[in-house]
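How does the following fold in three dimensions:
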Amino acid sequence: MRSTGRRPFFAVLIGVVLAGGAETAVAQQPASGADAPRSGLLISTDSGYDTAESRSGDARAARRDSPGRLHAEWFRLASTRRSVVRFWTGLTAGVPDSDRTHAEAFAFAASTVLSRRTHFDFDARVNAAPVDLFSALGSAGPSATPVTTTSSSFTEGRMITYDARAVLSRALGARTSMNIELSHTGSSTERRGVRNERIGGLVRRRIGPFSTIRAGYAFDVAVAASSGAQAIDRRHDVDLGVDYARPLSFSRHTQIGFGTGTSVLTNATGRRLRLALSSSLARDWSRAWSARLEYNRPIEYLAGFAQPFLSDAVTVGANGRLGRRTTLTLASGFSRGAVGFGATRPQFSSRSTSGRLTVPMGRAWAVEFEAHDARYQLGAAVPLPSFIPERFVRRGARIGFVWSSPWTGR
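Numbering: from 1, shown residues only. Model (predicted):
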């Protein structure tokens, strides 16, 4: 049986290619004023140094290094008084070129105002690249660009991922808003695939300067296929909770926040309940520097695994300026959790750290320096596809030249 992820992938790919490809990070409210298209180009080179270890120990000293990779990204942004559209495409090629160090991606995002109180957002992305477990494990968030610049050279580990979602938002009053969301995501490798479809709605009402109550429901279906066998998970997310965020009384520049929710998963083994918690601590150290600490409990599906990754994840980040124009961004994360709802103790752990320094070289040019270190360990109880090692370490560095267009007009 063919992977369930391939047919939806081609449907999304055709739509994205016709649109031109793009990046998903688009402001929900379109910019006003005259048309202001923007273009940008990033060309960089990087080196990756990976170490993998299998359960048998045969690959204990296996190094999968890629001393030279070339990465390129291009985007274009167009806006009118009511709409914003962003196109994005990226490519990473190994030297010498091979599937193990090659990745490409297309993405498209759009936002438009339908009326004074209603706006609509849509985004889609397609990514073909070697497997990257770190975002699924929770220690690293999704990449800001949908193509990895540090492709892991997992043998036979090339994966196709896709993501399409639409959100309709409406203000019901001065304090109340409503969102309706529809999404279709998935990933696939050879003879393995998973697809995830979700529909839901959420109503928020502000009850004070620092508090918002919310009530929502979402129905989620995940279908995992492997060598002809299928596993179906149905999830009911009941979101009844309070979002609370306020500055601390002893520090106006420090803000705390938290939220709650629940998920009910139904599959062939029965019904499980998972409490969804999130909290954050943000601090503005000065006009130039800020930091943020977050905790959450993500649920992620990935091709090759019949059950979801359930994580408890902590991430921390800081960014600011060095001098008048140079910027520094730091990010780190740690997670631990299990695969499937039946586990009684943690089955994996993961951590990642990265830093990026951007030095402007004029109005349109900049140089970026980036370094990263990430690793994970999966326990013996986790059923692994043959191409995923039990332990994995990734280190790398990148230097890139960025050009962005300041011109406006059609």
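
Surely residue 370 touches residue 356?
Yes: applying CB atoms under 8 Å, one finds residue 370 in contact with residue 356, separated by 4.4 Å. Bear in mind the C-beta positions are built from the backbone N, C-alpha and C, glycine included.

Against residue 276, how distant is the nearest residue to residue 269 once chain neighbours are set aside?
Of all residues not flanking residue 269 in the chain, residue 342 sits nearest, at 6.5 Å (CB to CB, 6 or more residues apart in numbering). Per CB to CB, to the nearest Å, residue 342 is found 18 Å from residue 276.

And for residue 135?
Relative to residue 276, residue 135 is positioned 18 Å away (CB to CB).

and what of residue 113?
For residue 113, the distance to residue 276 - CB to CB - is 31 Å.

What's the local residue count around the nearest residue to residue 127 once chain neighbours are set aside?
Once flanking residues are discounted, residue 127 sits nearest to residue 105: 4.3 Å by CB to CB, 6+ apart. Neighbour count of residue 105, defined by other CB atoms under 10 Å: 25.

ditto for residue 139
26.

And residue 323, by the same measure?
8.

go on, the one 5 residues further on?
By the other CB under 10 Å criterion, the neighbourhood of residue 328 contains 15 residues.

Quick check: buried residues in whatever helix or strand it lives in?
According to DSSP states H and E, residue 328 maps onto strand 326-339. By 16 or more other CB atoms under 10 Å, the buried positions in strand 326-339 come out as 327, 331-339.

After it, heading C-terminal, what element do we hit next?
Toward the C-terminal end, the helix or strand that comes next after strand 326-339 (DSSP H and E) is strand 348-360.

Which strands or helices does that following strand pack on?
Secondary-structure packing of strand 348-360 (3 or more CB pairs under 8 Å, 6 or more residues apart in numbering; DSSP states H and E): helix 134-137, strand 326-339, strand 365-378.

Can you tell me what sits against it?
Applying CB atoms under 8 Å, 6 or more residues apart in numbering, the external contacts of strand 348-360 come out as 133-134, 137-140, 309, 322, 325-339, 366-379, 382, 402.

where does the stretch 301-410 of the chain dip in pLDDT?
387, 405-410 (pLDDT under 70).

right, and residue 169 touches residue 178 too?
Yes: counting by CB under 8 Å, residue 169 does reach residue 178; the two are 7.2 Å apart.

So, low pLDDT: which residues of the stretch 51-200 of the chain?
Low-confidence segments of the stretch 51-200 of the chain (pLDDT under 70): 52-67, 94-101, 140-157.

now the strands: where do they sit in it?
In the stretch 51-200 of the chain, the segments counted as strands under DSSP state E, counting those that start in this stretch are 62-63, 66-79, 83-94, 103-113, 118-130, 158-171, 176-189, 192-206.

For residue 212, find the nearest of the ones you listed.
Of all the strands of the stretch 51-200 of the chain, strand 192-206 sits nearest to residue 212, with 5.0 Å by CB to CB.

Give the closest residue to residue 230 in space, chain neighbours not counted.
Here the residue nearest residue 230, using CB to CB, 6+ apart, is residue 223, at 6.2 Å.

For that neighbour, pull up the helix or strand it's in.
Using DSSP H and E, residue 223 maps to strand 211-226.

Who are the packing partners of that strand?
Checked by 3+ CB pairs under 8 Å, 6+ apart, strand 211-226 has strand 192-206, strand 229-248 packed alongside it.

Which of these comes out lowest on mean pLDDT?
By mean pLDDT, the lowest-scoring of the helices and strands packed on strand 211-226 turns out to be strand 229-248, with a mean of 80.

can you give me the angle that one makes with strand 192-206?
If you take axes from the mean of the first three to the mean of the last three CA atoms, to 10 degrees, strand 229-248 sits at 30 degrees to strand 192-206.

who does strand 229-248 pair up with?
Each strand paired with strand 229-248, and its direction, by DSSP bridges: strand 211-226 (antiparallel), strand 251-267 (antiparallel).

rewinding a little: possible to save the strands of the stretch 51-200 of the chain as a markdown table with distance to residue 280?
Formatted as a markdown table, these follow (distance: least, CB to CB, whole Å):
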| stretch | distance to residue 280 |
| --- | --- |
| strand 62-63 | 38 |
| strand 66-79 | 29 |
| strand 83-94 | 27 |
| strand 103-113 | 25 |
| strand 118-130 | 23 |
| strand 158-171 | 22 |
| strand 176-189 | 20 |
| strand 192-206 | 17 |
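
quick one: which of those is nearest residue 283?
The nearest among these, by CB to CB, is strand 192-206 at 23.7 Å.

name the helices or strands packed onto the closest one?
Right, strand 192-206 is packed against strand 176-189, strand 211-226, strand 229-248 by 3+ CB pairs under 8 Å, 6+ apart.

what distance separates the first one from the centre of its chain?
When you say that, I think you mean strand 176-189. 13 Å (CA atoms, centre = their mean, to the nearest Å).

What of the last one?
Centroid separation between strand 229-248 and its chain, computed with CA atoms, centre = their mean, is 17 Å.

For that strand, which residues meet the burial criterion?
Those buried within strand 229-248 under the rule 16+ other CB under 10 Å are 231, 233, 235-237, 239, 241, 243-244.

picking up where we left off before, next, the angle strand 176-189 makes with the strand holding residue 223.
Going by the same axes, to 10 degrees, strand 211-226 makes 20 degrees with strand 176-189.

Export strand 211-226 to PDB, keeping only CA atoms.
Only the C-alpha atoms of strand 211-226 are listed here, as PDB (Å, rounded to 0.1, in the frame of the first residue of the first chain):
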ATOM      1  CA  SER A 211      -7.000  38.200  31.600                       C
ATOM      2  CA  THR A 212      -8.900  36.600  28.700                       C
ATOM      3  CA  ILE A 213     -11.300  33.600  29.000                       C
ATOM      4  CA  ARG A 214     -11.600  31.200  26.000                       C
ATOM      5  CA  ALA A 215     -13.900  28.400  25.000                       C
ATOM      6  CA  GLY A 216     -13.100  26.200  22.000                       C
ATOM      7  CA  TYR A 217     -13.400  22.800  20.400                       C
ATOM      8  CA  ALA A 218     -11.300  21.100  17.700                       C
ATOM      9  CA  PHE A 219     -11.600  17.600  16.100                       C
ATOM     10  CA  ASP A 220      -8.400  16.100  14.900                       C
ATOM     11  CA  VAL A 221      -7.900  12.900  12.900                       C
ATOM     12  CA  ALA A 222      -4.400  11.400  12.400                       C
ATOM     13  CA  VAL A 223      -3.800   8.400  10.000                       C
ATOM     14  CA  ALA A 224      -0.500   6.700  10.100                       C
ATOM     15  CA  ALA A 225       0.500   4.100   7.500                       C
ATOM     16  CA  SER A 226       3.400   1.700   7.400                       C
END
